[in-house]
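Engineer: What follows is a predicted protein model with its sequence.
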Amino acid sequence: MQFLSRVIAFFLLIGGSSAAQTENAFPRYSQLAGAVNADGFSTSGVQLCLSEQKTTCFVMPKLVKDPEVVYEFGLEPHSEREMLPGGASWIFFTGMFSGGGSGTLTRFAVLRYDPSAKAIQNLLPLASATNVSDYAMWHLPEISPYPVLVVADFFWNFNAGETHFDAHQYDVEAFVYNARERVYEKRFRYRTSHKYDAETSRVLKPERSEILRRLGGK
């Protein structure tokens, strides 16, 4: 069974590599913060627009909890170009929501440019993390030819009397690209056995071996 699993994983990796070669380099772009109201709260999401097609933009979607609670991720736009095999690239894009308190929420997007449709596509399902978190795009060719999004966000144990910036256990998630479906999928979620300092939120490095084990790597 273990041998069969490795064979299947090998062919999935080869198939994914071929698909990656058909991707395109993401064009030059600019990014903008969202609009704000008179109280300084965001009323629209951060946006990323192509430099040579200024009307082709991606706006970070809002998160509607209920009619009275709407999160607009309009603050602190940040982007990183993620390289793929063959010189292609995607953009890892983030925007932040703040309700005016000490806590914030950052939403993630992985953007691909489709030249045939002249459109920007978000490949990532809803994924976000608080300001007491650790996240990164890892390049793990032994796992996937596409970057892997790894997120660690704190678990607030109210029953234990923890405060916001106490040491916490963390919930770790990994999102891996499914080349057949052309979308990122959550591969796993687990809670760390160790508590980490929320002030620094350095979680991914000490948890790396466990994350790789769960991803099927070394």
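Structural biologist: That came through fine.
Engineer: Find the helix or strand that the residue nearest to the spatial centre of the chain is a member of.
Structural biologist: The central residue of the chain, meaning the one whose C-alpha is nearest the mean C-alpha position (CA atoms, centre = their mean), is residue 108 at 4.3 Å. For residue 108, the host element (DSSP states H and E) is strand 104-114.
Engineer: for that strand, the distance to its chain's centre please.
Structural biologist: 6 Å (CA atoms, centre = their mean, to the nearest Å).
Engineer: Return the mean pLDDT over the next helix or strand after that strand, rounded to an integer.
Structural biologist: Elements were assigned by DSSP H and E; along the chain past strand 104-114, the next helix or strand is strand 119-122. Mean pLDDT, taken over the full extent of strand 119-122, equals 98.
Engineer: who does strand 119-122 pair up with?
Structural biologist: Paired neighbours of strand 119-122 in the sheet (DSSP bridges): strand 104-114 (antiparallel).
Engineer: got the buried residues for the partner strand?
Structural biologist: Buried residues in strand 104-114, counting neighbours by 16 or more other CB atoms under 10 Å, are found at 104-113. Any C-beta I mention is one placed from the backbone N, CA and C, and that applies to glycine too.
Engineer: Can you convert the residues you listed into JSON lines and add a column each for pLDDT and distance to residue 215?
Structural biologist: Shown next, in JSON lines, are the buried residues of strand 104-114 (pLDDT from 0 to 100; distance: CB to CB, whole Å):
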{"residue": "104", "pLDDT": "94", "distance to residue 215": "28"}
{"residue": "105", "pLDDT": "96", "distance to residue 215": "26"}
{"residue": "106", "pLDDT": "98", "distance to residue 215": "23"}
{"residue": "107", "pLDDT": "98", "distance to residue 215": "23"}
{"residue": "108", "pLDDT": "98", "distance to residue 215": "18"}
{"residue": "109", "pLDDT": "98", "distance to residue 215": "22"}
{"residue": "110", "pLDDT": "98", "distance to residue 215": "17"}
{"residue": "111", "pLDDT": "98", "distance to residue 215": "23"}
{"residue": "112", "pLDDT": "98", "distance to residue 215": "22"}
{"residue": "113", "pLDDT": "97", "distance to residue 215": "27"}
